[in-house]
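**Q** Output the structure for:
(one chain, ligands or ions: 2)
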Amino acid sequence: LNRRLAEFGTTIFAEMSALALRTGSINLGQGFPDTDGPEEIREAAVRALRDGRGNQYPPGPGVPELRQAIAEHQQRFHGLVHDPDTEVLVTAGATEAIAAALLALVEPGDEVIALEPYYDSYAACIAMAGGVRVPVTLRPHEQGFRLDLDELRDAVTDRTRLLLINTPHNPTGTVLTRDELSAIATLAVERDLLVVTDEVYEHLAFDGGHVPLASFPGMHGRTVTISSAGKTFSFTGWKVGWVTAAAELVTAVRSAKQFLTYVSAGPFQYAVAEALRLPDSYFDGLREDLRAKRDLLSEGLASAGFAVHRPAGTYFVTTDVRPLGESDGFAFCRALPERCGVVAIPNAVFYDHREEGAPFVRFAFCKRVDVLQEAVARLKSLA
Ligand code: PMP
Ligand code: GLN
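**A** Ligands and ions are numbered 1, 2, ... in the order given. So this is what the prediction gives:
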């Protein structure tokens, strides 16, 4: 393994899902739903396969039906206007979009500012691009984990190329407020920075809506917005993601993307085009379902003795294990399957400043109610 990747090893999601299988535990670690997305969308994928749509290489930027549907979705939910031919790119999940954006936009030695804790692929992709990651830590407050805007401003140097933002934020569940986003946008404009914003949980903001960074003044030409069908439609295995940005940025990201996968998921692209056009009731229903599950798991974890940072978005809840007499979330997660048959993720792996993340542990609530109830019952036995 080369020096750029040497520090990364196996992703925590693979490690913890393997541990869940080995011990027969309830897996609240890796974030994937235990119920598949809508039947009619699965049928749409079957139809595409059967009718021979997408069984051969689809067009490099994605099938026109899907690019059109993505542009319509951005307009319908966010009032953002994108030309489906030049300002939309379909990718192999958000994961490829992140990789291609960083490989396309970062020069070796450029600094990339990322919110810490950060989704694990950010660090690896910054490294593969030869960039230098500069974490800005979200710290726990009454209102969840918050960004210190002064710290963000101070982190920008003459070598900063790009801000890598994620809202709603995995793993903390923080949804950046309009004021925070506005300050980030102002900073990007003042210091002439590019912004890559990962908004895969755009439909999972529970208390007031999600606001895309691209909607702020001066941001259209400098923002690469990333989303995915995995979370919004509960098809994480399909790996259909997308980028929306100004034409020049989309062209740049596409230059990298064409040599990563070129294309992917042909028939599924047609199905996701239909999914994006589902009525509002679908999107509202998903959010309400997960809001109820957030409440169920948050209350259950609190009654089991955890300090709970109730998330405003995503399908993860971050807890603090110190009230249980523990201080090391990593050791806690490694022992948890044997102790009570539940798997969770130690947030420390998402930090450069490991000590900042040490006591925090993430649980996923994108699971059936009976599964969440059983997990809570097991966790209560810890006390
Ligand atoms: N970004 C974030 C913040 C995520 O949580 C995830 C997956 N859980 C991804 C990107 C990857 O998305 P995809 O599965 O579409 O590649
Ligand atoms: N994004 C998912 C999570 O945070 C996992 C994705 C993966 O396994 N790489 O749990």
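**Q** Domain-wise, how is this structure divided?
**A** 12-30+281-380, 39-276 (automatic domain parsing).
**Q** Residue 1 is nearest to which of the ones you listed?
**A** Residue 1 sits nearest to domain 39-276 of all these, at 11.3 Å, using C-beta to C-beta. For glycine as for every other residue, the C-beta is placed from the backbone atoms N, C-alpha and C.
**Q** do that closest one and ligand 1 meet at all?
**A** Yes - for domain 39-276, a contact with ligand 1 is found by C-beta under 6 Å from any ligand atom, at 93-95, 119, 166, 170, 198, 200, 228, 230, 236, 239, 241.
**Q** Max pairwise distance over those residues: which two?
**A** Farthest-apart pair in these is 166 and 239; separation 18.5 Å (C-beta to C-beta).
**Q** neighbour count winner among the two?
**A** Set residue 166 next to residue 239 and count neighbours by other C-beta atoms under 10 Å: residue 166 wins out with 25 against 19.
**Q** Quick check: the gap between that one and residue 223.
**A** Between residue 166 and residue 223 the distance is 13 Å, computed by C-beta to C-beta, to the nearest Å.
**Q** where do the contact lists of these two overlap?
**A** Contact criterion C-beta atoms under 8 Å, 6 or more residues apart in numbering; residues shared by residue 166 and residue 223: residue 197.
**Q** Export the domains of the chain as CSV, with columns for distance to residue 3.
**A** Formatted as CSV, the domains of the chain follow (distance: least, C-beta to C-beta, whole Å):
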stretch, distance to residue 3
domain 12-30+281-380, 17
domain 39-276, 9
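**Q** can I get those in CSV with mean pLDDT?
**A** Shown next, in CSV, are the domains of the chain (pLDDT from 0 to 100):
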stretch, mean pLDDT
domain 12-30+281-380, 96
domain 39-276, 97
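**Q** right, so of these, which gets closest to residue 4?
**A** When these are compared for distance to residue 4 using C-beta to C-beta, the nearest one is domain 39-276, at 4.6 Å.
**Q** can you tell me if the closest one touches ligand 2.
**A** Yes - residues of domain 39-276 contacting ligand 2 under C-beta under 6 Å from any ligand atom: residue 170.
**Q** circling back to that earlier point, which among the domains of the chain is found nearest to residue 2?
**A** Taking these one by one with C-beta to C-beta, domain 39-276 is closest: 9.4 Å.
**Q** So what would you say the end-to-end distance of that closest one is?
**A** End-to-end distance for domain 39-276: 14 Å, by C-alpha to C-alpha, to the nearest Å.
**Q** This protein: helices as residue ranges?
**A** Taking DSSP state H as the criterion, the chain carries its helices at 12-23, 39-51, 64-78, 93-105, 120-128, 149-155, 178-190, 229-233, 247-257, 266-276, 280-303, 329-340, 354-357, 369-380.
**Q** Check which residues of the last one are buried.
**A** With burial defined by 16 or more other C-beta atoms under 10 Å, the residues of helix 369-380 counted as buried are 371-372, 375-376, 378-379.
**Q** Next, format those residues as CSV and append distance to residue 162.
**A** Below are the buried residues of helix 369-380 laid out as CSV (distance: C-beta to C-beta, whole Å):
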residue, distance to residue 162
371, 39
372, 37
375, 38
376, 40
378, 42
379, 39
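**Q** Keep only those residues that also lie close to ligand 2.
**A** Okay, of those, nothing touches ligand 2 (C-beta under 6 Å from any ligand atom).
**Q** Can you tell me how far residue 210 is from ligand 2?
**A** As judged by C-beta to the nearest ligand atom, to the nearest Å, residue 210 and ligand 2 stand 17 Å apart.
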